[in-house]
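J.: Structure for this input, please:
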Amino acid sequence: MTRIFLTALLCLLPLLAPGEEKELRIIAVMGSGGTGEYDTVFSKSASLWREAAEKGDAAFSLIGEGEGSDQSAKQLKEAIAGAKEPALWIVLIGHGSFDTRSVKFNVRGPDFTDDDLAKWVEPYKGALAVINTASASGSFVRKLSGEERVIITATKNESEVYYTRFGKYFSEAIGGLPDADLDNDDQVSLLEGFLFAADQVAKFYETEGRLATEHALIDDNGDQLGSRSEWYDGVTPTRTPSEEAGPDGEIAGQKVLVKNEFEKRLSPEARARRDELEREVKALRRQKEDLEEDDYYQKLETLLLELAEIYRDVRES
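T.: The predicted structure is shown next:
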């Protein structure tokens, strides 16, 4: 009887063993190109995202390619509802449109709007990033901005309706392109991908002697305003959308798909605490002029000591 029980248990083990849990899920949506040329560009970008996800050990799914692509909106809604990972990135690759009433991302089959996507992601409680590389995408900042969210768009508003090149450059950067590693830490964050892609777009229009028809935005402080790439010196913000607004980029600068060797050694819990401490240090430095000197340095020392302890534990492990 014991032998029979053990045999049955061994047969069940593959079914009982939990699947590998991922820290991040990426859902990429490839829209309708309209022409073979655009289809090729969008397909290449989707392939680069897939390759980067594999390098970064992230769960990846691509919507809008092959059979069933005429149900992309429905599939995206279902994929978002099924996402259980702590972090979710939604990447929109394609064309957008604006008819003076609503903003849409163009897919095969029924399009979906910025309002649609805002409703679909509302139940998701993890760390969310939406990277909309399409034309007319700027309104997605207003509609999706929120706490613990990174929103990146290829355009500054919905009126920039011409084909955008931003997505091509972003997809080339996100897998760890050395030229996009602005802080030289052997990895490329969402902020660095944004800055690199926006810079390449600007160089394209300058080289071609053409008026730029796309101006990318990034928002990660939940104020629905967004920041332009020109407002950064390296990865450091030098300007905000208004005097009252905080800087964008501090969270996006910590979101990395393909991690360097040191980052890989950090546990998710240690990485989350490290990120929180780094943001607290930056916030404290912005308050320096309003604090007593001794109070400022005491608070700074407390934060830096805890950071040092996290790094020490990793190096000694």
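J.: Surely Lys282 and Gly253 touch.
T.: No - using CB atoms under 8 Å, Lys282 is not in contact with Gly253; the gap is 9.9 Å. Just so you know, the C-beta spots here come from the backbone N, C-alpha and C atoms, and that holds for glycine as well.
J.: Those two: which is more packed in?
T.: Between Lys282 and Gly253, counting by other CB atoms under 10 Å, Gly253 is the more crowded of the two (26 against 14).
J.: residues contacting that one?
T.: When contacts are counted by CB atoms under 8 Å, 6 or more residues apart in numbering, Gly253 touches 189-192, 235.
J.: Now it: phi and psi?
T.: Here is the backbone geometry of Gly253 (degrees, to the nearest 10): phi -70, psi -10.
J.: Find the nearest non-adjacent residue to it, please.
T.: Leu191 (4.1 Å; CB to CB, 6 or more residues apart in numbering).
J.: Count the residues that sit near the one you found.
T.: Neighbour number of Leu191 under other CB under 10 Å is 27.
J.: again with Glu309
T.: Counted with other CB under 10 Å, Glu309 comes out at 11.
J.: Does it lie in a helix or a strand, and which?
T.: Per DSSP states H and E, Glu309 falls inside helix 293-316.
J.: Tabulate the contacts of Gly253 (a markdown table), appending distance to Asp295, pLDDT and secondary structure.
T.: Below are the contacts of Gly253 laid out as a markdown table (distance: CB to CB, whole Å; pLDDT from 0 to 100; DSSP: H, G, I helix; E, B strand; the rest coil):
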| residue | distance to Asp295 | pLDDT | secondary structure |
| --- | --- | --- | --- |
| Ser189 | 32 | 98 | strand |
| Leu190 | 34 | 98 | helix |
| Leu191 | 30 | 98 | helix |
| Glu192 | 34 | 98 | helix |
| Val235 | 28 | 96 | coil |
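J.: which one of the residues you listed is nearest Ile63?
T.: Proximity of the contacts of Gly253 to Ile63, judged by CB to CB, is greatest for Leu190, which lies at 20.5 Å.
J.: picking up where we left off before, save the contacts of Gly253 as TSV, and put in distance to Ser69 too.
T.: Formatted as TSV, the contacts of Gly253 follow (distance: CB to CB, whole Å):
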residue	distance to Ser69
Ser189	31
Leu190	27
Leu191	31
Glu192	31
Val235	37
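J.: can you pull out the helices in this structure?
T.: Using DSSP state H, the helices assigned to the chain run over residues 2-16, 36-55, 72-82, 114-121, 139-144, 166-173, 190-208, 261-265, 268-286, 293-316.
J.: Of the ones you listed, which stretch is the most buried?
T.: Scoring the helices of the chain by mean neighbour count under mean count of other CB atoms under 10 Å gives helix 166-173 as the most buried, with a mean of 25.
J.: which helices and strands does it pack with?
T.: On a contact count with 3 or more CB pairs under 8 Å, 6 or more residues apart in numbering; DSSP states H and E, helix 166-173 meets helix 36-55, helix 190-208.
J.: need the ones you listed in a markdown table with distance to Ser242, can you?
T.: A markdown table is the format used below for the helices and strands packed on helix 166-173 (distance: least, CB to CB, whole Å):
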| stretch | distance to Ser242 |
| --- | --- |
| helix 36-55 | 33 |
| helix 190-208 | 20 |
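J.: ok, what's across the strand from the residue positioned nearest the centre of the chain?
T.: Centrality entry for the chain: nearest residue to the mean C-alpha point is Ala129, 4.1 Å, by CA atoms, centre = their mean. On the basis of DSSP bridges, Ala129 is bridged to Trp89, Val150.
J.: re earlier: just the closest of the contacts of Gly253 to Ile152, please.
T.: Of all these, Ile152 sits closest to Leu190, with 6.7 Å by CB to CB.
J.: For that closest one, give its distance to Ser159.
T.: As judged by CB to CB, to the nearest Å, Leu190 and Ser159 stand 25 Å apart.
J.: one step back: and Ala245, which of the helices and strands packed on helix 166-173 is closest to it?
T.: Here helix 190-208 is closest among the helices and strands packed on helix 166-173 (CB to CB), at 16.7 Å.
J.: Great, nothing more from me.
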